[in-house]
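# heads up, no residue letters with this:
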């Protein structure tokens, strides 16, 4: 008998994509897709069940379909469509509690995969440069999505203690980008002019949507020989990009602002609905965050197809040129270099950053 | 203090003269390192050998200076434009710590080099004690109110080492709180002084520089110059032991006198969130002019490496061994400091 996989948060694009992908796997018999709102995209042969994971009905869904694998993807930072931050928090925290409670009572559940985020580490200047899965954050996130993820992971750890027979896999994803990404960071990078924090150039790490789907699949199946897929894993593409580098590759000019001004601009833009400029995102864009992915490579046995730079290149490709396309700048530089007479002697190195 | 009233030894005087001569020639040629001769000229040499050993410096540097005026200029402009192109399009690499090797080599080092060569006239000794590959932990004394000694040590290692190694400094958390400073520090390859970062760098085979005295060393009053403070909790020793990398003691003479700190405005420091607020004979009385460091003559001596790979893995957990090794490193640095001070002719020359 094949597996029955229950996926939450399928109304989001990433959830929908995962549902479509996992039903093609031979060991999967049925896929139950759950969300509080019907998805806009098709879900293939999966059965969609409209259920709010904040309600106890989710336990009945688990029992009715004798689900053995639960993939919890409904931990997100932004509301779907029109929703308030309070709804998001409730879905993240109360929803996870309800879902875990349902899993605890279900005798059939054998495997739980939780989509978390590297937000749990926060970002602070006093942190080590690279976070491993065991690094305790120096300053715990005080609110917003980051705090949600910390709480969600706390409940998941409690569940893993109470049900040691269930394999629990917590995947901490770095900033997810891709051609169709709809994360807050993606909307930030879509601004014509990028506001940055004066005097800070954060290190950023990205993970491609394709890699996210693959890692979720590895987590929800039996582990391959020599690998282990229960535990907590950081998932990120190799390498690091600085925010200034991202802006140049995107071809979008940056406007460095003082930190208080950025906070003010951020709240103004949030009010206008241009982008979700939450406090934790400002912290990320101030201090940056880099995680160690050795566990993902060694224990989980997954090598991401896209590096951080390639993920970003793919994203840039999908967004179209900005105000200062790098190709145009490169062309201009080549024309200057080709000039027969140069205003010799000047050292152009000074103008770099 | 002992430094001023030193009886100059005969062999010391001749060496001092020899060390200054290539210095002057170097500035005339306006060339920077890259040749093995540059390494040779800063080593402590027995006085008898100087004339023979000094000769090859000239023929090696002259052909290098010649193309600098003709075809070299075009090449330099082309190189500069290619550099600018890479910077503008963002096509360059940084490592996990945010270290931007290209920017450091092309811009940051070029900005520091005049200070290093012309202003402080740094003399480097014992560069051969730094291995040409593999991880090593350089432990140095810390002084001078502002951490210029770390930056000078970084230039000293890069410009004098035959392999042109890059020093990755461990900096205080204050550096990463301050805007602009944190950005530059990360790009220059510095990272937070914590065991995790240090170990990660050492395991990668990087050369790591640490100043375990921290704020106690850099912010000590002028009257306590060249007296090493407590070496933290000796965390650097256990990090080196775990990574199995040698510890290289480094003594820096000259940095103590750049800002003679005669007072400390503690209240102001607390208000600003700094560990100390220095008052020197010129600062803050002369405003920004008072913030110009005194042009002292520096000597940086790298000592014999202390090997750590002979210890068993559990040695890193042995506090007694940690204290002993910490003391050994500290004493070696202090001893070398006194020796260099005795050899020094004057603070400024």
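Cool, the structure landed. All values reported here derive from a predicted model rather than from experimental measurement.

# tally of neighbours for the closest residue to chain B within the stretch 151-300 of chain A?
Nearest to chain B in the stretch 151-300 of chain A, going by C-beta to the nearest C-beta, is residue A:199, at a distance of 2.6 Å. C-beta: built from backbone N, CA, C; applies to glycine. Counted with other C-beta atoms under 10 Å in any protein chain shown, residues neighbouring residue A:199 total 16.

# please report how far it lies from residue A:42.
Separation of residue A:199 from residue A:42 (C-beta to C-beta, to the nearest Å): 48 Å.

# please enumerate the helices of the stretch 201-350 of chain A.
A:209-220, A:243-250, A:259-272, A:279-287, A:294-298, A:308-319, A:326-338 (DSSP state H, counting those that start in this stretch).

# ok, the last one near chain B or not?
I take that to be helix A:326-338. Yes. Using C-beta under 8 Å from any C-beta of the partner chain, we find that helix A:326-338 touches chain B at A:326, A:329, A:330, A:333, A:334, A:336, A:337.

# any chance of those in TSV, plus pLDDT?
Output for these, formatted as TSV (pLDDT from 0 to 100):
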residue	pLDDT
A:326	83
A:329	84
A:330	83
A:333	81
A:334	82
A:336	82
A:337	78
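
# now do the SS call for residue A:4.
In three-state terms, and counting by DSSP: H, G, I helix; E, B strand; the rest coil, residue A:4 is strand.

# no no, residue B:153
Residue B:153 ends up helix, using three-state DSSP.

# list the contacts for it?
Residues in contact with residue B:153 (C-beta atoms under 8 Å, 6 or more residues apart in numbering or on different chains) are B:138, B:140, B:167, B:169, B:209, B:250, B:252, B:300.

# got the contact list for the least confident helix or strand in chain A by mean pLDDT?
Using mean pLDDT, DSSP states H and E, the weakest-scoring helix or strand in chain A turns out to be helix A:259-272, at a mean of 79. Applying C-beta under 8 Å, 6+ apart, the contact partners of helix A:259-272 are A:195-198, A:257, A:275-279, A:281-282, A:285-286, B:179.

# tell me the buried residues within those residues.
A:195, A:196, A:197, A:257, A:275, A:276, A:277, A:278, A:281, A:282, A:285, A:286 (16 or more other C-beta atoms under 10 Å in any protein chain shown).

# so of those, which two are at opposite extremes in space?
A:257 and A:276 (17.8 Å; C-beta to C-beta).

# which residues of the chain score low on pLDDT?
I'll assume chain A. Low-confidence segments of chain A, defined by pLDDT under 70: A:1, A:82, A:273-276, A:340-353.

# my question was about chain B
B:1-70.

# which SS class is the residue in it that chain A sits nearest to?
The minimum distance from chain B to chain A, using C-beta to the nearest C-beta, falls at residue B:179 (2.6 Å). Classification of residue B:179 using three-state DSSP returns coil.

# surely it and residue A:200 touch.
Yes. Using C-beta atoms under 8 Å, residue B:179 is in contact with residue A:200, at 6.0 Å.

# show me what contacts residue A:307?
A:237, A:238, A:239.

# hmm, residue A:198 and residue B:183 touching each other?
No. Here residue B:183 lies out of contact with residue A:198, judged by C-beta under 8 Å, at a distance of 9.6 Å.

# quick one on the thing from earlier: narrow the residues of helix A:326-338 next to chain B to those that are buried.
A:326, A:329, A:333.

# got those as a markdown table, with distance to residue A:75 columns?
Conversion of those to a markdown table gives the following (distance: C-beta to C-beta, whole Å):
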| residue | distance to residue A:75 |
| --- | --- |
| A:326 | 35 |
| A:329 | 39 |
| A:333 | 44 |
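
# tell me, what residue is most central in chain B?
In chain B, the residue lying closest to the centroid (C-alpha atoms, centre = their mean) is residue B:153, at 0.8 Å.

# roughly how far apart are residue A:45 and residue B:325?
Distance from residue A:45 to residue B:325, by C-beta to C-beta: 66 Å.

# those two: which has the busier surroundings?
Counted by other C-beta under 10 Å, residue A:45 and residue B:325 do not tie: residue B:325 has more neighbours, with 22 against 11.

# which element is that one on?
helix B:319-343 (DSSP states H and E).

# and stretch B:266-282, what's buried?
B:275, B:276, B:277, B:278, B:279, B:280, B:282.

# equivalent analysis for stretch A:236-248, please.
A:236-248.

# cool, stretch A:251-260 as well?
A:251, A:252, A:254, A:256, A:257.

# can I assume the second one is in contact with residue A:323?
When you say that, I think you mean residue A:252. Yes. The pair residue A:252 / residue A:323 is scored as a contact, 6.3 Å apart, by C-beta under 8 Å.

# which ones among the contacts of residue B:153 lie within strands?
With DSSP state E as the criterion, strands contain B:138, B:140, B:167, B:169, B:209, B:250, B:252, B:300 from among the contacts of residue B:153.

# so which of these comes closest to residue A:173?
Nearest to residue A:173 among the ones in strands among the contacts of residue B:153, with distances taken as C-beta to C-beta, is residue B:169, at 32.2 Å.

# list the contacts for the closest one?
Per C-beta under 8 Å, 6+ apart, neighbours of residue B:169: B:150, B:153, B:154, B:188, B:189, B:190, B:191, B:208, B:209, B:210.

# those strands in the stretch 151-300 of chain B, which residues are they?
B:167-171, B:191-192, B:207-210, B:247-253, B:263-264, B:278-279, B:299-302 (DSSP state E, counting those that start in this stretch).

# tilt between the longest one and helix B:319-343?
Between the direction of strand B:247-253 and that of helix B:319-343, the angle (axes from the mean of the first three to the mean of the last three C-alpha atoms, to 10 degrees) works out to 30 degrees.

# repeat that for the first one.
Here strand B:167-171 points in a direction 110 degrees away from that of helix B:319-343 (the same axes, to 10 degrees).

# wait, which of the helices of the stretch 201-350 of chain A is closest to residue A:179?
helix A:308-319 (3.7 Å).

# what sits up against the closest one?
Contacts for helix A:308-319 (C-beta under 8 Å, 6+ apart): A:174, A:177-181, A:186, A:189-190, A:204-208, A:211, A:236-241, A:246, A:249-251, A:306.

# rerun that using 6 Å as the cut-off
A:177, A:179, A:205, A:206, A:208, A:237, A:239, A:241, A:249, A:250 (C-beta atoms under 6 Å, 6 or more residues apart in numbering or on different chains).

# buried sites along that helix?
Buried-residue list, helix A:308-319, by 16+ other C-beta under 10 Å: A:308, A:309, A:310, A:311, A:312, A:314, A:315, A:316.

# what distance separates it from the centre of its chain?
15 Å (C-alpha atoms, centre = their mean, to the nearest Å).

# show me what contacts residue A:279?
residue A:144.

# ok so, going back, need the strands of the stretch 151-300 of chain B in JSON lines with distance to residue A:129, can you?
Shown next, in JSON lines, are the strands of the stretch 151-300 of chain B (distance: least, C-beta to C-beta, whole Å):
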{"stretch": "strand B:167-171", "distance to residue A:129": "11"}
{"stretch": "strand B:191-192", "distance to residue A:129": "5"}
{"stretch": "strand B:207-210", "distance to residue A:129": "13"}
{"stretch": "strand B:247-253", "distance to residue A:129": "22"}
{"stretch": "strand B:263-264", "distance to residue A:129": "31"}
{"stretch": "strand B:278-279", "distance to residue A:129": "29"}
{"stretch": "strand B:299-302", "distance to residue A:129": "26"}
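
# so which of those strands is nearest residue B:228?
When the strands of the stretch 151-300 of chain B are ranked by proximity to residue B:228 (C-beta to C-beta), strand B:247-253 comes first, at 9.6 Å.
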